[in-house]
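Undergrad: Below: sequence and its predicted model.
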Amino acid sequence: MKFSALAEILEKAGLVTDVRISEDCEITDLNLMDREDRDFSSGTVYFIDSAQIGPATAFPKCLFYLHDIPENRAGDLINGGRITAPSIAAVFRHVKAQLDSAPQAQEQYANLMAKLVAGVELKTILSEAFSYTGNLFVALDMSGKILEHSTPFYVDYPLWMNSVQQGFCDEVLMNYIESRRKNLRAPQGEAPFALYCRKIDMHILVARIIHENELLGYFFALSKNPTFDNYTKRVLPLFAQRAKEGILRLKHINSYSAIMQTNILLDAVAGASPAETRLRAKISGLKFQRYMRVMVIRASYSKDPDFYSQVLLPELTEILPNQPCFPWQSSLIYLVGTDANGSVAPEQHEAVTGFMEKRHLLAGVSNMFSAISEFAEHFEQARTALSFSNRTSSPGPLFYYLDYALFMILDRIDDEKFLDNCCHPALARLVNYDEKKGTELFNTLRAYTEVGFSKTRTAQELFIHRNTINYRIQQIEELCGIDLSNEKLLFPLQLSFNLYAYRQSRVITGN
């Protein structure tokens, strides 16, 4: 069918308008287009949402686009028209109905395309494709993660079955796939190619998942039949494109290493086991920092989620370049490289602290670690530190996990009476006395204890004269019957004030 004839049918049906025909040609097929596509078939009409068209997007010979095409790109259109229907899917079905193909295949392909456009889960689409073709489908990225598979999925090879069941590939299986890739002289690009695997005695149709000329993974169709049907050959690249969208879940990341690093960390936060995290990092060949801390950052007041990805992330990336980071549940997660002592460069620490104070940000910081398999554990540490900072009114903006070790221990004790009994009786006595007399003895003893029983530093902390401190210390000793020159009292009192602050936070927060 000529493009001009097809365009006329669509115009009469009220599905397209603004038709342009510079070089009429024969149309035999149709396909969805991605902004990164470069290899086009001259006999295929493509469909795209014009929001995806950028300055560098290549145009096929025949293109139907949803919404308005950018004015500065209109001259690049050879044959095309603007879709006036509510969705691409509606026009896609109509065009497919005009092209010559077997009625059953036509219906199946059109239905599948409509579901892809509508965003139906890939797992559901793959299972329907299995029902129609009898082929098994499975996708994985270069770290060994199983991205999706059809149901059912069964091959007579334990390594494959274990990988699909656990959600990530065994190292032996990934090494085998990598060896086949290096030894196989397959055609370049994203076009599917076929191979035979003796280990499972099945023929495999392979579509590469490629982004920015980097290999991100594979989409496989498996069959006992050496010949794959045209339906599978046509849909496998579309499945690979959908899988790529899942891998590129964070739009600000482009390089292969950053994509894989971030996806491994995101999955760890979502519940991937330490063993999976370690193995995927090893398989993908990624090198994380030798020493690391996790930092969980959030605003001190509610912010729209876009604030973290579109505003905060770009600004912080300038201060902490080349550090894995990603937005997560109204916060920003950073994996920060440190030295062997867990410290960052002083100028970098100063820049981060100043930026966070300016932006009114808070950050929980984990202990230092060196094995990426421990990321999830230290992510929880950073979250916990941030949580306790709110409960204890600690000064910020950085809150370190170890600073709240005592509070975390206390949080596991449910016996309130026991906690009260662990407090030195002097505290309760001073609280009552201050309430009756309007004095400041409780805060004086707290400050005196915090600075290690130094009267000079206590006076500086409270901005009062040294003689006033001497008088108040004497009052406290007489009232409570204690000798504050006895250094053995320092730890019990420090513990007591921490216990008191913790008990007060429980009352305020209801925890």
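TA: Perfect, thanks for sending it.
Undergrad: any idea how this protein splits into domains?
TA: Domain segmentation of the chain under automatic domain parsing yields 3-110, 121-247, 256-409, 416-509.
Undergrad: For the host helix or strand of Gly217, enumerate the helices and strands it packs against.
TA: Gly217 belongs to strand 214-223 when assigned by DSSP states H and E. On a contact count with 3 or more C-beta pairs under 8 Å, 6 or more residues apart in numbering; DSSP states H and E, strand 214-223 meets strand 136-141, strand 202-211, helix 230-247, helix 256-269. The way it works is simple: take the backbone N, C-alpha and C, and place the C-beta from them, glycine included.
Undergrad: Just send those back as JSON lines, with distance to Trp160 too.
TA: Output for the helices and strands packed on strand 214-223, formatted as JSON lines (distance: least, C-beta to C-beta, whole Å):
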{"stretch": "strand 136-141", "distance to Trp160": "8"}
{"stretch": "strand 202-211", "distance to Trp160": "10"}
{"stretch": "helix 230-247", "distance to Trp160": "18"}
{"stretch": "helix 256-269", "distance to Trp160": "20"}
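Undergrad: Could I get the buried residue list for the helix ranked longest in the chain?
TA: Among all segments of the chain classified by DSSP state H, the helix with the greatest residue count is helix 490-509. Neighbour-count burial for helix 490-509 flags Leu493, Gln494, Ser496, Phe497, Asn498, Leu499, Tyr500, Ala501, Tyr502, Ser505 (criterion: 16 or more other C-beta atoms under 10 Å).
Undergrad: what sits against the third one?
TA: Spelled out, it's Ser496. Cys422, Cys423, His424, Ala426, Leu427 (C-beta atoms under 8 Å, 6 or more residues apart in numbering).
Undergrad: Max pairwise distance over these: which two?
TA: Greatest spatial distance among the contacts of Ser496 (C-beta to C-beta): Cys422 and Ala426, at 13.1 Å.
Undergrad: And the next helix or strand past the helix or strand bottoming out on mean pLDDT in the chain?
TA: Least confident element among the helices and strands of the chain, by mean pLDDT, DSSP states H and E: helix 103-118 (a mean of 74). Where DSSP H and E defines the elements, the next helix or strand beyond helix 103-118 is helix 122-133.
Undergrad: Could you check which helix or strand contains Gly80?
TA: Per DSSP H and E: strand 79-83 holds Gly80.
Undergrad: Quick check: can you name the pairing partners of that strand and their directions?
TA: strand 16-21 (antiparallel), strand 62-66 (parallel) (DSSP bridges).
Undergrad: most packed of those?
TA: With neighbours taken as mean count of other C-beta atoms under 10 Å, these reach their highest mean count in strand 62-66, at a mean of 24.
Undergrad: Go ahead and name everything in contact with it.
TA: 3, 10, 16, 25, 27, 33, 44-50, 53, 77-83, 87-88, 91, 95.
Undergrad: let's see 7 Å
TA: 3, 16, 25, 27, 45-50, 77, 79-83, 88, 91 (C-beta atoms under 7 Å, 6 or more residues apart in numbering).
Undergrad: hmm, back to that, and the domains of the chain, which one is worst for confidence?
TA: Mean pLDDT values for the domains of the chain show the minimum at domain 3-110, a mean of 86.
Undergrad: measure that domain end to end?
TA: 19 Å (C-alpha to C-alpha, to the nearest Å).
Undergrad: mind listing what's buried in stretch 478-489?
TA: Applying 16+ other C-beta under 10 Å to stretch 478-489 flags Cys480, Ile482, Leu484, Leu489 as buried.
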